[in-house]
Structure formats: C-alpha cells, structure tokens
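Enquirer: whatever this is, show me its structure:
(one chain, ligands or ions: 2)
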Amino acid sequence: MTIIIKVDSENPSIEKIRRAAEIIRKGGTVAFPTETVYGLGADALNPEAVRKIYEAKERPPTNPLIIHIAEKKEVYRLAEEIPEKAFELMDRFWPGPLTLVLRASEIVPKITTAGLETTAIRMPSHRVALALIRESSRPIAAPSANLAGRPSPTTAEHVIEDLYGRIDAILDGGPTPVGVESTVLDMTTEPPRILRPGGVPREDLEEVLGRVEVKQTYRRYKLRMEVILVEGEPKSVIRKVRELAGLYLSRGRRVGILTIDEHKPMYETYRTMHRCEVKSLGSRKDPAVIARNLFGLLREFEGMGVDLVLAEGFKVEGLGLTIMNRLRRASGFNIVKA
Ligand code: TXA
Ligand code: MG
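Expert: Ligands and ions are numbered 1, 2, ... in the order given. Here you go, the predicted model:
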C-alpha cells in the first residue's frame with residue numbers, strides 16, 4: 001500500500017510533512033516533489049532504507065544516488081576536500097537545480113554512492129522538499145521517482161504510474177516547475193565536467209568556473225513507442241516531419257508529432273485529416289516552458305496509444321543542450337538529419 005498525501009506546494013501543512021518525515025525516519029520510502037522532478041526519498045545515511053529505493057525502482061546497484069540537503073552546512077558532513085569554486089556555485093545556484101559531485105565523507109554509506117569515492121549533493125528549491133528534509137532531520141537520498149529507465153516524473157500521477165504499491169508514500173504537491181532534472185557537475189576533475197546537462201545551463205556555470213567540459217551519457221528511455229528525432233534548420237525540419245508523417249500514416253502507424261507553438265499550424269492537415277496527434281511543447285521563445293512540458297508530453301503520447309512520435313530538434317545552447325539530451329535519449333539515437 002502506498003499512502004498519497006496531497007500538499008500545497010507553496011504552503012505545505014506541517015502535519016502532512018511530519019507524517020511523511022516519520023516514514024523517512026523509520027527507514028521507509030517517500031516520493032516528493034522538487035523544483036525539477038519528483039524524487040523517491042529515503043534516509044541517505046541508512047543503508048537498509050537506501051536499499052529499498054533501488055528495489056522499488058529496479059535500479060541497477062551501480063547507479064549512485066543524489067543526496068538532498070536543506071542547509072548548505074550539511075556538505076561539510078557529507079563531503080571532503082571541497083574545492084573553493086564549489087562554494088561559489090552553492091552560493092549562486094543553491095537552492096536550485098545543480099548537483100555537485102564531491103569527494104564523499106566516511107559517513108556516506110557505500111550503497112548510497114554505489115561504491116564510488118564521490119557523492120552527489122544538492123539543495124532543492126521547493127518548499128515541500130525542504131520541509132521534508134528539515135522535519136526528517138536527515139539528508140535524503142533521492143533518485144527520480146520513476147522505474148529505472150523511464151522518463152522522470154513531473155506529476156504525482158506519473159509517480160503512481162510507475163511506483164504505486166512499491167513505495168510507502170507519495171507527497172503530491174502538483175506539477176514540478178522546472179520539469180527536467182538537475183545539472184550534475186563533477187567538481188573532482190579539472191576542468192569540472194557536466195555529467196548530465198539539466199536545469200542550470202552550461203553557460204551559467206561557465207560564468208563562475210571558466211571552461212566546463214560536457215561528458216554526457218545517453219541511456220535510452222524505456223517508452224511504449226518509437227521516437228524519431230528530426231534535426232536541422234526549422235524549415236527543413238518541418239518538411240521532413242511532414243514527409244515522415246505521411247509515410248508512416250500510410251503504413252497504418254499511429255503517429256504523434258512533437259512540435260513548438262510556432263510550427264504547430266504547419267501540421268494542421270495531419271491532425272484534422274489523418275488523426276495524427278500533434279502536441280506543442282511551448283514557444284521557441286521560452287525554452288524553460290519547453291523543458292517543463294517534455295516528459296509529461298512523452299507520457300501523454302504513450303497514454304494515447306501513439307506508436308511513433310516524430311520530434312523536432314532544438315539548438316544545443318542554453319537549456320537546448322538539456323532538452324536535446326532528453327530527446328536523444330527518448331529516440332535511442334534514432335535521428336534523422338533534415
Ligand atoms: O533533479 C534531480 O537531479 C532529481 C531530483 C529528484 O533531485 N534527481 C535525479 O536523480 O535525477 P537520478 O538518480 O535520477 O539521477 C542522478 C544522476 C544519475 O545519472 C547518477 O548516475 C548521477 O546523478 N550521480 C549520482 N552520484 C554520482 C557520483 N558520485 N558520481 C557521478 N554521477 C553521480
Ligand atoms: Mg533518474
């Protein structure tokens with residue numbers, strides 16, 4: 001049984017938070033909203049509790065967890081040999097969607113770091129997350145609250161879809177405002193390396209750090225549909241998407257098109273005449289909105305029984321790097337150059 005506790009994201013009731021915190025203190029698992037995505041939390045310093053996270057998600061034991069804190073000073077307890085630049089980053093970006101990989105201290109259990117000498121730490125910028133950490137009076141280990149390999153959940157409904165019955169509780173604080181995961185930055189290398197582009201763009205980190213390397217890994221998402229990513233100049237992309245839509249519709253496929261507000265009218269006949277599902281991520285002018293809608297729309301297409309999504313590509317700058325990382329993972333590198 002999983003208890004679902006609805007909370008106001010702006011002004012969470014302390015009784016409700018305490019109920020969830022009590023579960024964390026007793027070694028249980030609680031899914032909770034952060035500003036990025038929902039996390040599946042457990043006491044980061046309790047190996048038995050952390051084991052339940054891996055079990056619930058069916059996560060490989062080799063994939064380490066992020067530790068969430070509510071006070072900056074907690075890093076002194078969890079990490080060692082912290083470089084000066086890391087403190088500058090904390091001052092500028094915490095609370096917020098930046099995770100720092102630092103040398104782990106002795107108190108961090110091996111299961112939390114998946115056996116590594118380093119640990120990933122972040123302070124989320126969400127009232128529910130911060131209140132839960134404070135009331136638990138423990139750092140909380142939390143990967144995204146999805147089954148391993150699935151896109152991260154941006155609503156409590158997504159968490160229910162993947163983890164209902166596998167975890168003790170879900171704090172439902174509504175949709176998460178950023179909608180993509182934090183940027184994971186390895187501060188143990190020189191220059192520092194982005195291991196996963198996320199909510200804080202590379203360019204913002206470079207203002208503090210100078211040059212930053214990007215070393216992304218692309219694990220393909222498990223989706224109940226195929227995704228083809230079409231990359232190129234906007235005009236050629238539209239032409240290519242229309243051509244591919246025509247081709248696959250004629251083969252009897254249920255086709256979805258993932259586009260932006262500015263391009264949506266170009267697919268109107270496919271929508272009305274061919275019952276193609278056309279969804280917009282938002283306006284090109286607002287990449288933050290595009291990032292916020294991405295995971296939810298992928299799950300919506302799945303829910304509608306679409307079996308092929310044609311997704312338009314984006315420029316790899318600012319949040320575009322993050323958006324393209326997730327789209328490439330959704331497509332499993334099924335990329336067409338227009
Ligand atoms: O926004 C987020 O980061 C969300 C919310 C819940 O905070 N969490 C999240 O966790 O996305 P997860 O576990 O789904 O992704 C964490 C990433 C993984 O790719 C993991 O391999 C990497 O961070 N990571 C964790 N510890 C690491 C370490 N010590 N060294 C290198 N990578 C690490
Ligand atoms: Mg994840």
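
Enquirer: and Pro64, how far is that from Glu181?
Expert: Using Cβ to Cβ, to the nearest Å, Pro64 is found at 14 Å from Glu181. C-beta: built from backbone N, CA, C; applies to glycine.

Enquirer: more neighbours: those two, which one.
Expert: Glu181 (25 against 22; other Cβ atoms under 10 Å).

Enquirer: contacting residues around the lowest-mean-pLDDT helix or strand in the chain?
Expert: Ranked by mean pLDDT, DSSP states H and E, the weakest helix or strand in the chain is helix 268-274, scoring a mean of 87. Residues outside helix 268-274 that contact it (Cβ atoms under 8 Å, 6 or more residues apart in numbering) are 242, 245-246, 249, 255, 257, 276-278.

Enquirer: quick one: which of these sit in helices?
Expert: 242, 245-246, 249 (DSSP state H).

Enquirer: still on that earlier bit, distance to ligand 1 and pLDDT added to the contacts of helix 268-274, as CSV?
Expert: Converted to CSV, those look like this (distance: Cβ to the nearest ligand atom, whole Å; pLDDT from 0 to 100):
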residue, distance to ligand 1, pLDDT
Arg242, 35, 97
Ala245, 32, 96
Gly246, 37, 95
Leu249, 35, 95
Val255, 30, 97
Ile257, 28, 98
Cys276, 32, 93
Glu277, 28, 95
Val278, 29, 97
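
Enquirer: mind checking which of those residues are buried?
Expert: 242, 245, 249, 255, 257, 276-278 (16 or more other Cβ atoms under 10 Å).

Enquirer: kindly reformat those residues as a markdown table containing distance to Ile160.
Expert: Compiled in a markdown table, the buried ones among the contacts of helix 268-274 are given as follows (distance: Cβ to Cβ, whole Å):
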| residue | distance to Ile160 |
| --- | --- |
| Arg242 | 36 |
| Ala245 | 32 |
| Leu249 | 33 |
| Val255 | 28 |
| Ile257 | 27 |
| Cys276 | 29 |
| Glu277 | 23 |
| Val278 | 27 |
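
Enquirer: quick check: residues of the stretch 101-250 of the chain near ligand 1?
Expert: Proximity of the stretch 101-250 of the chain to ligand 1, by Cβ under 6 Å from any ligand atom, involves residues 101, 113, 116, 118-120, 124, 142-144, 181-182, 184, 195-196.

Enquirer: in these, find the pair that's most separated.
Expert: Using Cβ to Cβ, the two most remote members of those are Leu116 and Pro124, lying 21.6 Å apart.

Enquirer: these two: which has the busier surroundings?
Expert: A side-by-side neighbour count of Leu116 and Pro124, using other Cβ under 10 Å, places Pro124 first with 30 against 15.

Enquirer: what sits against the nearest residue to the more buried one once chain neighbours are set aside?
Expert: Computed as Cβ to Cβ, 6 or more residues apart in numbering, the closest residue to Pro124 that is not its neighbour in sequence is Thr34, at 4.0 Å. By Cβ under 8 Å, 6+ apart, the contact list for Thr34 reads 68, 124-126, 129, 142, 176.
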